[in-house]
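Trainee: got a structure for you, letters missing:
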């Protein structure tokens, strides 16, 4: 089975994986003066791989479309921005009554 993989041109050593990790992860995380949390570092890896692979532009268009759906379509579903609908529902056009001193 190993011979079939080698004939197909697949790498059989960990060197390719280690090289990719060095290029993608270590180069980014070892920037002088940078401090990373685990969450921040994990958020950067997919974005770095998209950029390095050349897929950034296609991904960004997809991302903008996905963000538009929940964040914008609902706001304008009835033609009036949601904030105006909320203000209209909460705000009265008459001022509050003034307390009468006793």
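Mentor: Structure's in. What do you need? None of these values were measured; they are calculated from a predicted model.
Trainee: any idea which residue sits dead centre in the protein?
Mentor: residue 63 (7.4 Å; CA atoms, centre = their mean).
Trainee: Let me see the contact set for it.
Mentor: By CB atoms under 8 Å, 6 or more residues apart in numbering, the contact set of residue 63 is empty. Quick note: C-beta positions are derived from backbone N, CA and C, even for glycine.
Trainee: Have a look at this structure and report its longest helix.
Mentor: helix 38-53 (DSSP state H).
Trainee: which helices and strands sit right next to it?
Mentor: Secondary-structure packing of helix 38-53 (3 or more CB pairs under 8 Å, 6 or more residues apart in numbering; DSSP states H and E): helix 27-29.
Trainee: residues in contact with the helix it packs on?
Mentor: 36, 41, 44-45, 48.
Trainee: Among those residues, name the buried ones.
Mentor: Neighbour counting by 16 or more other CB atoms under 10 Å classes residue 48 among the contacts of helix 27-29 as buried.
Trainee: can the contacts of helix 27-29 go into CSV with extra columns for distance to residue 19 and pLDDT?
Mentor: Conversion of the contacts of helix 27-29 to CSV gives the following (distance: CB to CB, whole Å; pLDDT from 0 to 100):
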residue, distance to residue 19, pLDDT
36, 21, 81
41, 19, 81
44, 19, 83
45, 16, 82
48, 15, 83
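Trainee: can you put the contacts of helix 27-29 in TSV and add distance to residue 15?
Mentor: Compiled in TSV, the contacts of helix 27-29 are given as follows (distance: CB to CB, whole Å):
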residue	distance to residue 15
36	26
41	23
44	24
45	20
48	20
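Trainee: Let me see the domain layout of the chain.
Mentor: 11-54, 56-91 (automatic domain parsing).
Trainee: Check the separation of the first and last residues in the longest one.
Mentor: So the one you mean is domain 11-54. Separation of the first and last residues of domain 11-54 by CA to CA, to the nearest Å is 22 Å.
Trainee: How far does that domain sit from its chain's centre?
Mentor: 17 Å (CA atoms, centre = their mean, to the nearest Å).
Trainee: Fine by me, we can end here.
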